[in-house]
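Peer 1: the following block contains a protein sequence and its predicted model.
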Amino acid sequence: HAMGALPVGALALAVVPFGLETKVEEQLYQMMCGACRVLADAGCSLLGGHTCEGAELSLGFAITGFAPAETLMSKGGVLPGQ
């Protein structure tokens, strides 16, 4: 996980294509079912989010997490190949 943190919560941003309402609802339902399974497997809860219509189907997340300060990883000092 990013910076060595454990995921805690997620906010989703889902974009569904313009179309028939029933088809759009089914696409959104299927995307979110899969996303919730993956998040649950990682010990992360879906806290909320936003949906909108757009040209292409897409799904993104903002994830919050927790890690003790002494275990956080950073990009500083990383060498090629690490």
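Peer 2: In hand now; what should we look at?
Peer 1: tell me where this structure has strands.
Peer 2: Along the chain, the stretches classed as strands by DSSP state E are 6-17, 45-54, 58-66.
Peer 1: just checking, what packs against the longest one?
Peer 2: Looking back up the chat, that one is strand 6-17. Here strand 6-17 is seen to pack against helix 21-41, strand 45-54, strand 58-66 when contacts are counted using 3 or more CB pairs under 8 Å, 6 or more residues apart in numbering; DSSP states H and E. C-beta coordinates here come from the backbone N, C-alpha and C atoms, glycine included.
Peer 1: just say which of the strands of the chain is most tucked in.
Peer 2: For these, the largest average neighbour count (mean count of other CB atoms under 10 Å) is found in strand 6-17, namely a mean of 16.
Peer 1: so how far is that one off the chain centroid?
Peer 2: When distances are taken as CA atoms, centre = their mean, to the nearest Å, strand 6-17 is centred 4 Å away from the chain's centroid.
Peer 1: pretty sure residue 16 is in contact with residue 56, am I right?
Peer 2: No: contact between residue 16 and residue 56 fails when scored by CB atoms under 8 Å: they sit 9.3 Å apart.
Peer 1: take the strands of the chain and write them to a markdown table, including distance to residue 76 and mean pLDDT.
Peer 2: Compiled in a markdown table, the strands of the chain are given as follows (distance: least, CB to CB, whole Å; pLDDT from 0 to 100):
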| stretch | distance to residue 76 | mean pLDDT |
| --- | --- | --- |
| strand 6-17 | 21 | 94 |
| strand 45-54 | 30 | 94 |
| strand 58-66 | 19 | 94 |
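Peer 1: so which of these gets nearest residue 75?
Peer 2: strand 58-66 (16.6 Å; CB to CB).
Peer 1: next, the angle from the closest one to helix 21-41.
Peer 2: Our comparison of strand 58-66 with helix 21-41, counting by axes from the mean of the first three to the mean of the last three CA atoms, to 10 degrees, yields an angle of 30 degrees.
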